[in-house]
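Engineer: Just to be clear, the model below is a prediction. Sequence and coordinates:
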There are 2 protein chains.
Amino acid sequence: MTKILISGLGLIGSSIARIMQSSHEETFIMGSDPNKENIDFMLEKGFINKKVNFKLAAPKADLIVLAAPVSVINQQIKTLEKIDLKRGVLITDVGSTKVDIMQTAKNLMLKKHCSFMGGHPMAGSHLTGSKAGKITLFNNAYYFLINGNQTEGQTNHFKKLMKFSNVNFLNFNAQQHDQVVSEISHLPHIMAAGLVNMVNDDLSNQDVSLDIVAGGFKSVTRIAKSDPTVWTNISLSNKNLLLQQIDKMCENLNHFKKLLDTNNQDEIFQTFLKAQNSRKSLD
Amino acid sequence: MTKILISGLGLIGSSIARIMQSSHEETFIMGSDPNKENIDFMLEKGFINKKVNFKLAAPKADLIVLAAPVSVINQQIKTLEKIDLKRGVLITDVGSTKVDIMQTAKNLMLKKHCSFMGGHPMAGSHLTGSKAGKITLFNNAYYFLINGNQTEGQTNHFKKLMKFSNVNFLNFNAQQHDQVVSEISHLPHIMAAGLVNMVNDDLSNQDVSLDIVAGGFKSVTRIAKSDPTVWTNISLSNKNLLLQQIDKMCENLNHFKKLLDTNNQDEIFQTFLKAQNSRKSLD
């Protein structure tokens, strides 16, 4: 019987609960969340077996999944340092940045019989909360694993519990992880939010309604609907790399400006063609 | 009986043919397109009544719809100047920029009994060609009309022919149109293409496959799949406004950089919150 404690039953945590509850391993899932609605829903549906207090339940767990926002994950790791945890416990998280978290987890890893493994499933939605979670959320997506001090056996057990997620596990180091996600995930969120705000302000000034936009604009900006608290957290926790990515994006846009300014039709065409080919390869 | 000539049977032109063919007005639709596959498909399906040569068919038409890329539309307007057109003919286009086209159409409008009205349906797709068109393409979208020298009767007749499009017609002047679309449509395409190229290059350098990206990235960059020829054309035809929009976007991103750099959590949160509210209002 694996006693699992999942802290944070939002989109990601509640999806992990669904996946682990349906695994063929023997599990007992304890859930904690500041939001009563999330807890009630998860209990009622049987996705968790018990509602618990994080600090009180942690010593009983064989596996602790930290699925709160990044800043809360960092606090909870520090809390766990001071608690007498079960021998052989594996602690893992789902935070969107990894350098900070692996650094915070260093003290925890110095404790005897206590393992930490960083994790980040590359799936999301603009929807939030337990009800938005689903057993198929990670279907065909990638789940980055960052080696801490966990054993191979612990990694394999975690993967077994996640078997029905149909996710692809991929090992990354923390630095490379943060660099890659700053570019493929964090920068796009900032671009989408910036575009919505810029267009909305300009159209308001002209007394034109935002609803004149077509499907393309809606698709580009869909992720601007994401939770502002989560994205404030993520942006600040990956600040340095994000500053570099913003510079790179402006350089990219300014290069296009030069092509336009010099009527460089060939290079403009090549830019659109190259992007078309790369993007089509993702479908 | 309204004799209609549609030049360009791609996504937009073929959708207009479907819509007009299903109207309750008496119509005879002539279609021209350099692509044999488009013509054959449209004839076979009965969406056009006849395959024609643009120059030879133009004098017989009561309504001419120019639905080719912007640069071709400009050429065709100049061609029409030299042709003896039918008394009372209305010429309209679907080009994505309007200042250039309205300027080109000035001579045409000086001809007796010949009317021009600018048009731009705000609908698109990354799909192209006759087969991708559909009668519902403009459903709930906006169709910008730019007054030329057409009569109210001609505008109303055009709207009647488009009745089953379920589109919302909106009057704009050419300058305001180009300014608005540079921001809500052209800039997003350049951002999407730039992001795909930047990410693809960086991941290649790290030997990481582009397919690690999640749904958010795919959604932001979906429009990068659009036709490179069309978008090269559009970018160059709206060059001056687009140069300004790129500057504005970089200012916007640089402002966010400052918020990050100074750990201005409150303003970062407000930025994401404001974008979330605006974007949610579009659903």
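Structural biologist: Perfect, I can see it now. Not measured: the values here are computed from a predicted model.

Engineer: Endpoints of stretch A:128-144, how far apart?
Structural biologist: One end of stretch A:128-144 to the other measures 21 Å (CA to CA, to the nearest Å).

Engineer: Show me what counts as buried in stretch A:270-283.
Structural biologist: Judged by neighbour count (16 or more other CB atoms under 10 Å in any protein chain shown), stretch A:270-283 contains these buried residues: A:271, A:272, A:273, A:274, A:275, A:276, A:278, A:279, A:282. C-beta: built from backbone N, CA, C; applies to glycine.

Engineer: Give me the spatial nearest neighbour of the third one, chain neighbours excluded.
Structural biologist: Going back to what we said before, that points to residue A:273. In this structure, residue A:273 finds its nearest non-sequential neighbour in residue B:228, 4.3 Å apart by CB to CB, 6 or more residues apart in numbering or on different chains.

Engineer: now the fifth one
Structural biologist: Counting by CB to CB, 6+ apart, residue B:193 is the residue found nearest to residue A:275 once chain neighbours are left out, at 3.7 Å.

Engineer: Pretty sure the one you found sits against residue A:269.
Structural biologist: No. No contact is recorded between residue B:193 and residue A:269 when judged using CB atoms under 8 Å, the distance being 11.0 Å.

Engineer: The two: who's more crowded?
Structural biologist: Using other CB atoms under 10 Å in any protein chain shown as the criterion, residue B:193 and residue A:269 rank with residue B:193 on top: 29 against 18.

Engineer: check which helix or strand covers the closest residue to chain B within the stretch 51-200 of chain A.
Structural biologist: Closest approach between the stretch 51-200 of chain A and chain B, counting by CB to the nearest CB: residue A:193, at 3.7 Å. In this structure, residue A:193 is located in helix A:187-205 according to DSSP states H and E.

Engineer: then that helix to PDB, C-alphas only?
Structural biologist: C-alpha atoms of helix A:187-205 as PDB (Å, rounded to 0.1, in the frame of the first residue of the first chain):
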ATOM      1  CA  LEU A 187       7.800  33.900 -23.100                       C
ATOM      2  CA  PRO A 188       4.600  32.900 -25.100                       C
ATOM      3  CA  HIS A 189       2.400  33.700 -22.100                       C
ATOM      4  CA  ILE A 190       4.000  37.200 -21.800                       C
ATOM      5  CA  MET A 191       3.600  37.800 -25.500                       C
ATOM      6  CA  ALA A 192       0.000  36.700 -25.500                       C
ATOM      7  CA  ALA A 193      -0.900  38.900 -22.400                       C
ATOM      8  CA  GLY A 194       1.000  41.800 -23.900                       C
ATOM      9  CA  LEU A 195      -0.800  41.500 -27.200                       C
ATOM     10  CA  VAL A 196      -4.200  41.400 -25.600                       C
ATOM     11  CA  ASN A 197      -3.500  44.400 -23.500                       C
ATOM     12  CA  MET A 198      -2.000  46.500 -26.300                       C
ATOM     13  CA  VAL A 199      -4.800  45.700 -28.700                       C
ATOM     14  CA  ASN A 200      -7.500  46.200 -26.100                       C
ATOM     15  CA  ASP A 201      -6.200  49.600 -25.100                       C
ATOM     16  CA  ASP A 202      -5.800  50.800 -28.700                       C
ATOM     17  CA  LEU A 203      -9.200  49.700 -29.800                       C
ATOM     18  CA  SER A 204     -10.900  51.200 -26.700                       C
ATOM     19  CA  ASN A 205      -9.200  54.600 -27.600                       C
END
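
Engineer: Per the annotation, how does chain A divide into domains?
Structural biologist: As given by automatic domain parsing, the domain ranges for chain A are A:2-172, A:177-280.

Engineer: possible to save these as TSV with mean pLDDT and distance to residue B:96?
Structural biologist: Output for the domains of chain A, formatted as TSV (pLDDT from 0 to 100; distance: least, CB to CB, whole Å):
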stretch	mean pLDDT	distance to residue B:96
domain A:2-172	95	28
domain A:177-280	95	11
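
Engineer: the helices in the stretch 151-283 of chain A, which residues?
Structural biologist: Secondary structure of the stretch 151-283 of chain A, counting by DSSP state H, counting those that start in this stretch: helices at A:152-161, A:174-181, A:187-205, A:215-221, A:228-237, A:239-261, A:265-280.

Engineer: Skip ahead from the longest strand belonging to chain A and say which helix or strand is next.
Structural biologist: Counting residues, the longest strand found in chain A (DSSP state E) is strand A:114-121. Scanning the chain past strand A:114-121 towards its C-terminal end, the next helix or strand to appear is strand A:142-146 (assignment: DSSP H and E).

Engineer: can you give me the angle that next one makes with strand A:114-121?
Structural biologist: 150 degrees (axes from the mean of the first three to the mean of the last three CA atoms, to 10 degrees).

Engineer: thinking again about what came up before, just put the domains of chain A in CSV and tack on distance to residue B:16.
Structural biologist: Below are the domains of chain A laid out as CSV (distance: least, CB to CB, whole Å):
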stretch, distance to residue B:16
domain A:2-172, 34
domain A:177-280, 16
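
Engineer: Which strands and helices lie in contact with the helix holding residue A:193?
Structural biologist: Under the contact definition 3 or more CB pairs under 8 Å, 6 or more residues apart in numbering or on different chains; DSSP states H and E, helix A:187-205 sits against helix A:215-221, helix A:228-237, helix A:239-261, helix B:187-205, helix B:215-220, helix B:239-261, helix B:265-280.

Engineer: So which of these is nearest residue B:99?
Structural biologist: Distances from residue B:99 to each of the helices and strands packed on helix A:187-205 were compared using CB to CB; the minimum, 8.7 Å, belongs to helix B:239-261.

Engineer: Identify the residue nearest the geometric centre of chain A.
Structural biologist: Closest residue to the average C-alpha location of chain A: residue A:96 at 4.1 Å, with CA atoms, centre = their mean.

Engineer: How many neighbouring residues does the residue lying closest to that one once chain neighbours are set aside have?
Structural biologist: In this structure, residue A:96 finds its nearest non-sequential neighbour in residue A:234, 4.7 Å apart by CB to CB, 6+ apart. Other residues within reach of residue A:234, judged by other CB under 10 Å, total 25.

Engineer: In contact with residue A:234, which residues?
Structural biologist: With contacts defined as CB atoms under 8 Å, 6 or more residues apart in numbering or on different chains, the neighbours of residue A:234 are A:70, A:96, A:97, A:186, A:189.

Engineer: From residue A:186, how far out is it?
Structural biologist: From residue A:234 over to residue A:186 the distance is 6 Å, taken as CB to CB, to the nearest Å.

Engineer: same thing with residue A:85?
Structural biologist: Plainly put, residue A:85 is 32 Å away from residue A:186 if you go by CB to CB.

Engineer: what's the answer for residue A:156, then?
Structural biologist: 31 Å.

Engineer: between the two, which one's more packed in?
Structural biologist: Between residue A:156 and residue A:186, residue A:186 has the larger neighbour count (other CB under 10 Å), namely 23 against 11.

Engineer: ok, the more buried one touching residue A:238?
Structural biologist: Yes. At 5.7 Å, residue A:186 counts as touching residue A:238 under the criterion of CB under 8 Å.

Engineer: Against which helices or strands is the helix or strand where residue A:64 lies packed?
Structural biologist: Secondary-structure assignment from DSSP H and E places residue A:64 in strand A:63-66. When contacts are defined as 3+ CB pairs under 8 Å, 6+ apart, strand A:63-66 sits against strand A:2-7, helix A:70-81, strand A:89-93, helix A:152-161.

Engineer: quick one: strands adjacent to the first one?
Structural biologist: When you say that, I think you mean strand A:2-7. Taking DSSP bridges as the criterion, strand A:2-7 sits next to strand A:27-32 (parallel), strand A:63-66 (parallel) in its sheet.

Engineer: got the ones you listed as TSV, with mean neighbour count columns?
Structural biologist: Below are the strands paired with strand A:2-7 laid out as TSV (neighbours: other CB atoms under 10 Å in any protein chain shown):
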stretch	mean neighbour count
strand A:27-32	22
strand A:63-66	25
